[in-house]
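Asks: here is a sequence with its predicted model. Questions after.
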Amino acid sequence: MLEPIMDVFEAIRGRRSIRNFGKGDVVSEDLRQILEAAISAPSAGNLQPWEFVIVRSADTKIALAEAAYGQNFIAQAPVVIVICANVARSATRYRERGRDLYSIQDTAAAAQNILLASYAMGYGSCWVGAFDETKVARIVNVPEDVRPLAIIPVGRSTESPEPRPKYSLEKVTHVERFN
């Protein structure tokens, strides 16, 4: 079992999207703990559709940055995690809903765990969703029925962004029915 590093609410409130990475690697044991946090996410029917491609190669990171419409900070990070959904695995039990929804929801939960665990362990990260899916699939050689859904660069941050404004609970909360 993982040792608690920080309070979960501190991680939720303190985590920021980091786009500037300094020197230094992500320690292999730290990366393992981050990925163990990812696979601890809930999933529909416990089908666990996530697949993770760990990228350390400079050339591959550059190709991913280009496929992400020039988001070059991806290539700065020592480690990039390409999070994929095995949509076929989710479809085995839930057919179209599993393929089109549950696999994405489940993979998003794993991605959030990666972001929070990275922050709790002193690393910065950023959820990148803007990319050419076909190009990313080709770059990391994903099989058919597996979709790359997120690119998460991880490394030591050289910035401390301020919190972004959020809507109030009153604006987004509805009781019993949508108001």
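Replies: It's in. Residues are numbered from 1 along each chain as shown.

Asks: would you list every one of the strands in this protein?
Replies: Assigned by DSSP state E, the chain shows strands spanning 50-55, 79-86, 124-125, 146-155.

Asks: the longest one - contacts with which helices or strands?
Replies: The helices and strands touching strand 146-155, judged by 3 or more CB pairs under 8 Å, 6 or more residues apart in numbering; DSSP states H and E, are helix 73-76, strand 79-86, helix 87-97, helix 103-120, strand 124-125, helix 133-139. The C-beta positions use only the backbone N, C-alpha and C, and glycine is treated the same way.

Asks: repeat that for the second one.
Replies: In this structure, strand 79-86 packs against helix 28-38, strand 50-55, helix 58-67, helix 103-120, strand 146-155, with contacts taken as 3+ CB pairs under 8 Å, 6+ apart.

Asks: next: the shortest one.
Replies: Where contact means 3+ CB pairs under 8 Å, 6+ apart, strand 124-125 is packed against helix 103-120, strand 146-155.

Asks: go again with 10 Å.
Replies: strand 79-86, helix 103-120, strand 146-155 (3 or more CB pairs under 10 Å, 6 or more residues apart in numbering; DSSP states H and E).

Asks: quick one: closest of these to residue 42.
Replies: Nearest to residue 42, of all these, is helix 103-120, at 5.9 Å by CB to CB.

Asks: what helices or strands is that closest one leaning on?
Replies: Where contact means 3+ CB pairs under 10 Å, 6+ apart, helix 103-120 is packed against helix 8-14, helix 28-38, strand 50-55, strand 79-86, helix 87-97, strand 124-125, strand 146-155.

Asks: between the helices and strands packed on strand 79-86, which gets nearest to residue 15?
Replies: helix 103-120 (4.1 Å).

Asks: quick one: mean pLDDT over that closest one.
Replies: The pLDDT scores in helix 103-120 average 98.

Asks: list the buried ones in that helix?
Replies: For helix 103-120, burial by neighbour count (16 or more other CB atoms under 10 Å) applies to 103-104, 106-108, 110-120.

Asks: nearest to residue 63, out of the helices and strands packed on strand 146-155?
Replies: helix 133-139 (4.9 Å).

Asks: on that earlier part again, including distance to residue 51, could the helices and strands packed on strand 124-125 go into JSON lines?
Replies: Formatted as JSON lines, those follow (distance: least, CB to CB, whole Å):
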{"stretch": "strand 79-86", "distance to residue 51": "4"}
{"stretch": "helix 103-120", "distance to residue 51": "9"}
{"stretch": "strand 146-155", "distance to residue 51": "6"}
